[in-house]
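**Student:** here are the coordinates; sequence isn't available:
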């Protein structure tokens, strides 16, 4: 007996869906894409409207043959690939390779979640393939292929072989390189703060305030001399409460997750890369074996830019909040959020649990550790979005002394609301400023004189901007309209795989080759790395998806000036213009000719100036070039100067007496500035394991063997704040 054939991308998804459909249905997997552009050639017919020349990859032929065999035994076909543009394109490709008669029953179905009700509803509301979505995906694929296959050989000729360029990835590299240059060029500016500590008369409770104004104007203290003059002036001053402002403030609930915010929070809170986040989210979406309940999808579709929640889901979420936390924690009415993403698909849903009542405690029995952590994050954020706002009592106190004005602020949580289960992470380190910490001021009165216990002069320096993390890079890409939900994770993976950036301590560092390629593109191919141009192109892809414009004119408008400029630059630019060869005083050990600094796959190296007659090369070490890059730091073993060196994994410090002294030190590890908690004599220093994981140990090792995975200073600060 013939059955209805349902085709999905993955076996996991097929296994879950088959549980929900009756014996009249059979569910099979295509194992992802069944057709793609060829790897060995351009695969785009430029002369005939940029027609893609698709092939069936060797790895997909077995799966395609299986699909064709299944179709011969089917009475109808349901194409149930993912609901985004890529999923629509996969469905179209499957339909093309199956070559079924025009009158053969074939349908396209989509769903936001893999649950019995969602699948049954989709089966009863089939549609035809949306060619606007397919064409938008084709346009993106063709544009990326044209850039990659035409610009990459140019980089091989002008920089070095093996490089490649991407349309969207190049913009991401530009952000990282420009941030790197900001940090390199940053000049710290000194400034001072005056902090006074007060008590009320006959009371021991102490509170602090900062000097903010002088003669009703904002005060700036530039050096210690100015700071000391102020503290001297305040030595015998009377300190009086001038004003007290009390108000109630609210912290509003966060919206439910979309792809970008899920990736950002998973990076901040769980340490997941964007790629890992999407891989685990895919597993949760496609279905997990829940024992007696069988396979079930635990979250809705994870590639989305909409913050909408389905009406039925809102009701279920609010019921769980009421049951678990009580009426005070439930928002008075349903919260509807507006997306900040201009091109968001409002028909889509945010990422949420398919069954809000299935809480993390119940789920963790069936999930791996990472699956459980990500599911818990999604579940908590979803519930938080429909909970009551957090309420704080905020107090601001002004304390006058002569012509000076001090200010002290306090904040006490009156009602925790959604903070009971969830607090949004941040890319900035706000611990130093005490941000997010509760601080209570004593009961004070206007006109009251307070006693000054002590006054401190604190030296500070302005800090450079932070390097991008995955979270902050996704955020800046989204803010500028670069890429879409399905592209953020591949962007991160690609720029690392190409060697344009490295990731250390969850931050991106631009490599030397990344800077060279970026500078070349910025100067000679500005449209490729122009933020506004790339964002405009993304908007045009959105317009294609909505049926507003045709895809071929969009590609042609990009292609004509691009190829004309590429041909011009191919003839105009020489390799030595981009990477000048540098002469050194080093002598070739084979022929005695001068050695030159050249650039290779892993950075700079020494090569004989008589190449190709003499092919002598050696690593760039202990040359005059390197000795110029002395660090201000001294070797912790022998006291000699430390030298800045570079490896394929980035920069590090090494002893200038190498190989006699083999001391090395990573750059960018946190400074602890704290004595060893075990011996009290050594300093706590950050170190790395062979696999790159950071830990903390005593500088007197092996005489003291104290070590910890946790930053002891942060642990101490946390204890202090709780006491």
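**Tutor:** Nice, I can see it. Please read all numbers here as calculations on a predicted model, not as lab measurements.
**Student:** mind listing the helices for the stretch 451-600 of the chain?
**Tutor:** 470-479, 488-497, 512-524, 526-529, 531-545, 551-572, 575-578 (DSSP state H, counting those that start in this stretch).
**Student:** Which other helices and strands does the fifth one contact?
**Tutor:** Looking back up the chat, that one is helix 531-545. Counting contacts by 3 or more C-beta pairs under 8 Å, 6 or more residues apart in numbering; DSSP states H and E, helix 531-545 is packed against helix 131-158, helix 169-185, helix 551-572. All C-beta spots, glycine's among them, are computed from the backbone N, C-alpha and C.
**Student:** Now do the first one, average pLDDT.
**Tutor:** Regarding helix 131-158, the rounded mean pLDDT is 94.
**Student:** how far does it sit from the chain's center?
**Tutor:** 24 Å (C-alpha atoms, centre = their mean, to the nearest Å).
**Student:** same deal with stretch 291-306?
**Tutor:** How far stretch 291-306 lies from its chain's middle: 23 Å, per C-alpha atoms, centre = their mean.
**Student:** So which bits of that stretch are buried?
**Tutor:** 295-306 (16 or more other C-beta atoms under 10 Å).
**Student:** nearest to residue 318, of the residues you listed?
**Tutor:** Relative to residue 318, the closest of these is residue 300; by C-beta to C-beta it sits at 17.0 Å.
**Student:** Might you report the residue contacts of the closest one?
**Tutor:** Taking C-beta atoms under 8 Å, 6 or more residues apart in numbering as the criterion, residue 300 is in contact with 112-113, 285, 349-352, 354.
**Student:** Tell me which of the buried residues of stretch 291-306 has the lowest pLDDT.
**Tutor:** Among the buried residues of stretch 291-306, residue 295 has the lowest pLDDT, at 86.
**Student:** What does that residue show for phi and psi?
**Tutor:** Main-chain dihedrals, residue 295, degrees, to the nearest 10: phi -70, psi 140.
**Student:** which residues sit in contact with it?
**Tutor:** If a contact means C-beta under 8 Å, 6+ apart, then residue 295 has 15-16, 19, 287-289 as its contacts.
**Student:** How is this protein divided into domains?
**Tutor:** Taking automatic domain parsing as the reference, the chain has its domains at 3-129, 138-186+466-575, 190-252+390-461, 259-384, 581-626, 669-723.
**Student:** where in the chain is pLDDT low?
**Tutor:** Within the chain, the ranges that satisfy pLDDT under 70 run 340-347, 427-438, 600-603, 621-632, 646-651, 659, 666-671, 688-693, 713-723.
**Student:** follow-up on the earlier one: is it possible to export the buried residues of stretch 291-306 to CSV including distance to residue 106 and secondary structure?
**Tutor:** Below are those laid out as CSV (distance: C-beta to C-beta, whole Å; DSSP: H, G, I helix; E, B strand; the rest coil):
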residue, distance to residue 106, secondary structure
295, 26, strand
296, 28, strand
297, 24, coil
298, 30, coil
299, 29, strand
300, 26, coil
301, 23, coil
302, 27, coil
303, 24, coil
304, 26, coil
305, 29, coil
306, 28, coil
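**Student:** Most widely separated two among those residues?
**Tutor:** Taking C-beta to C-beta as the measure, the buried residues of stretch 291-306 span a maximum distance of 27.7 Å, between 295 and 305.
**Student:** any idea which of the helices of the stretch 451-600 of the chain is most buried?
**Tutor:** Using mean count of other C-beta atoms under 10 Å, the stretch among those with the greatest mean number of neighbours is helix 470-479 (a mean of 22).
**Student:** about what we covered before: and residue 76, which of the helices and strands packed on helix 531-545 is closest to it?
**Tutor:** When the helices and strands packed on helix 531-545 are compared by C-beta to C-beta, helix 131-158 sits nearest residue 76, at 20.8 Å.
**Student:** The closest one vs helix 531-545, what angle?
**Tutor:** 150 degrees (axes from the mean of the first three to the mean of the last three C-alpha atoms, to 10 degrees).
**Student:** Going by neighbour count, list what's buried in helix 131-158.
**Tutor:** Along helix 131-158, these residues count as buried under the neighbour rule (16+ other C-beta under 10 Å): 132-151, 153-155, 158.
**Student:** buried residues in stretch 702-710?
**Tutor:** For stretch 702-710, the neighbour count (16+ other C-beta under 10 Å) marks 704, 706 as buried.
**Student:** what's the span of it, first residue to last?
**Tutor:** Across its full length, stretch 702-710 reaches 20 Å between end residues, using C-alpha to C-alpha, to the nearest Å.
**Student:** what does stretch 178-193 give?
**Tutor:** Taking C-alpha to C-alpha, the first and last residues of stretch 178-193 lie 31 Å apart.
**Student:** Name the residues of it that are buried.
**Tutor:** Here stretch 178-193 shows 179-180, 191-192 as buried, counting by 16+ other C-beta under 10 Å.
**Student:** Which strand or helix spans residue 61?
**Tutor:** helix 61-72 (DSSP states H and E).
**Student:** Please verify my assumption that residue 29 contacts residue 13.
**Tutor:** Yes - the pair residue 29 and residue 13 qualifies as a contact (C-beta atoms under 8 Å) at a distance of 7.0 Å.
**Student:** Looking at these two, which is more packed in?
**Tutor:** Taking neighbours as other C-beta atoms under 10 Å, residue 29 and residue 13 compare with residue 13 leading, 23 against 17.
**Student:** need the contact list for the residue nearest to that one when sequence neighbours are not counted.
**Tutor:** Counting by C-beta to C-beta, 6 or more residues apart in numbering, residue 286 is the residue found nearest to residue 13 once chain neighbours are left out, at 4.3 Å. If a contact means C-beta under 8 Å, 6+ apart, then residue 286 has 10, 12-13, 16, 114, 297 as its contacts.
**Student:** Same list (those residues) but as TSV, adding secondary structure and distance to residue 24.
**Tutor:** TSV is the format used below for the contacts of residue 286 (DSSP: H, G, I helix; E, B strand; the rest coil; distance: C-beta to C-beta, whole Å):
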residue	secondary structure	distance to residue 24
10	coil	22
12	helix	22
13	helix	19
16	helix	18
114	coil	19
297	coil	22
